[in-house]
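Participant: Kindly generate the corresponding structure for this input.
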Amino acid sequence: MAFQRNQDGKRDIGEILSSHSDIPHYYGDYVRRFFMVAAVITLLALPFFPGMLPWGGVLGSLVLAASLVLCAGLTSPMRRLVIYFNLALSFFGMLVFEYAAVTMYAGDPLILSVFRQIMAIIFASSLYYSGKSLRGVKALAAGSLI
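Facilitator: Here you go, the predicted structure:
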């Protein structure tokens with residue numbers, strides 16, 4: 001897609017945001033996919049392992065899945081606040097699932113520990129791409145296309 005240049009010779013931010021695939025360092029699509037995969041894993045594992053989370057039980061797992069789907073649906077380079085939510089959700093998801101994988105390993109079935117470890121890896125990946133997206137959107141807002 002060819003972008004129009006404004007008077008300063010820079011690309012118009014409105015056009016850039018309308019086609020987020022052309023935004024340098026924006027990885028919201030990856031984050032969205034990671035969140036949807038994590039939500040599906042949570043919902044699929046819930047009937048078999050209602051104690052997947054170290055606290056919160058079934059309701060906590062349902063709130064997590066709903067939050068993941070909601071943030072995935074709202075993710076956009078035009079919504080910087082959602083990128084911050086994605087970053088926070090990824091950070092706490094990684095901490096909670098890795099904490100549960102390590103501390104509850106001895107008393108839980110092996111498959112549950114594997115699910116928790118997979119979830120921690122998914123959240124670590126979404127944390128990485130959320131951070132890169134935030135950096136890219138902030139740089140774009142500052143006029144620097146890094």
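Participant: switch to C-alpha atoms for all contacts and neighbour counts from now on
Facilitator: OK.
Participant: Just the helices from the protein, written as ranges.
Facilitator: 13-18, 28-45, 57-74, 80-103, 110-141 (DSSP state H).
Participant: Looking at the ones you listed, which is nearest to residue 51?
Facilitator: Closest of these to residue 51 is helix 57-74, at 5.2 Å (criterion: C-alpha to C-alpha).
Participant: For that closest one, enumerate the helices and strands it packs against.
Facilitator: Helices and strands touching helix 57-74, as assessed by 3 or more C-alpha pairs under 8 Å, 6 or more residues apart in numbering; DSSP states H and E, comprise helix 28-45, helix 80-103.
Participant: I'd like those written out as JSON lines, with mean pLDDT, distance to residue 65 and mean neighbour count added.
Facilitator: Putting the helices and strands packed on helix 57-74 into JSON lines (pLDDT from 0 to 100; distance: least, C-alpha to C-alpha, whole Å; neighbours: other C-alpha atoms under 10 Å) gives the following:
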{"stretch": "helix 28-45", "mean pLDDT": "96", "distance to residue 65": "5", "mean neighbour count": "20"}
{"stretch": "helix 80-103", "mean pLDDT": "94", "distance to residue 65": "11", "mean neighbour count": "19"}
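Participant: out of those, nearest to residue 60?
Facilitator: helix 28-45 (10.4 Å).
Participant: which residues touch that closest one?
Facilitator: 52, 61-62, 64-66, 68-69, 71-73, 75-77, 83, 86, 115, 119, 122-123, 125-126, 129-130, 133 (C-alpha atoms under 8 Å, 6 or more residues apart in numbering).
Participant: One more: stretch 125-139?
Facilitator: Counting by C-alpha under 8 Å, 6+ apart, 23-28, 30-31, 34-35, 77, 80, 83-84, 86-87, 90-91, 145-146 sit against stretch 125-139.
Participant: again, only this time at 7 Å
Facilitator: Contact with stretch 125-139 is made by 24-28, 30-31, 34, 77, 83, 86-87, 90-91, 145-146, as judged by C-alpha atoms under 7 Å, 6 or more residues apart in numbering.
Participant: again with stretch 81-93
Facilitator: 71, 74-75, 120, 123-124, 126-127, 130-131, 134.
Participant: returning to what we had before: distance to residue 139 for the helices and strands packed on helix 57-74 - can I get that in TSV?
Facilitator: Formatted as TSV, these follow (distance: least, C-alpha to C-alpha, whole Å):
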stretch	distance to residue 139
helix 28-45	15
helix 80-103	12
